[in-house]
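Asks: Based on what follows, work out the 3D shape:
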Amino acid sequence: MDATLQAVRRETNGKNEAVRLRQSGKIPAVLYGGSSKIGESLSVDPKELSRILHSKTGVNSIVSLVIDGMPDTQVLVRHYQIDPVTHRLLHADFFRLAMDKALRLTVPVHLTGESKGVKTLGGTLDFVHREVVVECLPTNIPQHIEVDVTELLIGQGVRVRDLTTDGTWTAVSEPDMLIVHVVAPRAEVVETPEVAAPVVAAEPEVAKKGKTDKEEKEK
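Replies: Predicted coordinates:
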């Protein structure tokens, strides 16, 4: 998704300025990349940014940043901060793109099909890694990478090296990294109730009394 986001340059920084911005319905942001070695302070509308982040391409959306009403550059969202309680956006960082240079970014993996190992053999599909790092030009960023699990049987899986690419991107995650596999069903352990050992009554002790000295003398 290509999107447009309005931004305004900020002359002041600091915690108080961030609070003031949020109270006015904006959030602080920083633009990195390009000729400047330090970030450029901006403010953006959190609702507009949230709409972009919740689109199909999410954080991998190429955003046309319009600063102070003037089209400026195309960026990716590099990082964003959310309030853990209200889930509102608090801050965002953008990275300026060079459209002719490849970049590395994380792309989600989507599974398709129903595994034969699950459907007919009772196995369980274990989705180990849901994202893969790829390298591509900004114009070739895939929305997601599809992995068809239909033919997977128990003990079989898909690793990064097995991914099919259309040539516009290259997977750079560890080739042996396991993405998904089918594991065998756990054997059911039937617990048998413990049978208490029969209680054997102890035989009563018969006290054997020896003869007293008096009885010996009476004989």
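
Asks: okay, now the domains of this protein?
Replies: In terms of domains, the chain is parsed into 2-96, 103-183 (source: automatic domain parsing).

Asks: Tell me who's in contact with the residue most central in space within the chain.
Replies: What sits nearest the mean C-alpha location of the chain, by CA atoms, centre = their mean, is R130, with 6.8 Å. R130 makes contact with P108, V109, according to CB atoms under 8 Å, 6 or more residues apart in numbering. From N, CA and C alone the C-beta is placed, and that goes for glycine too.

Asks: Try it again at 10 Å.
Replies: T106, P108, V109, H110, L111, I179, V180 (CB atoms under 10 Å, 6 or more residues apart in numbering).

Asks: Likewise for V44?
Replies: With CB under 10 Å, 6+ apart, V44 has these contacts: 5-8, 21, 26-29, 63, 65, 67, 89, 91-92, 94.

Asks: Of those residues, which one scores lowest on pLDDT?
Replies: Across the contacts of V44, the smallest pLDDT goes to L21, namely 91.

Asks: S50 - that's part of a helix, no?
Replies: Yes. S50: assigned to a helix according to DSSP: H, G, I helix; E, B strand; the rest coil.

Asks: going forward can the numbers begin at 48, since that is how I track them
Replies: Renumbered: residue one is now 48, and that last one reads S97.

Asks: Ramachandran angles for the residue lying closest to it once chain neighbours are set aside?
Replies: Distances taken as CB to CB, 6 or more residues apart in numbering place L136 nearest to S97, at 5.9 Å, with adjacent residues excluded. Torsion angles at L136 (phi, psi; degrees, to the nearest 10) stand at phi -70, psi 140.
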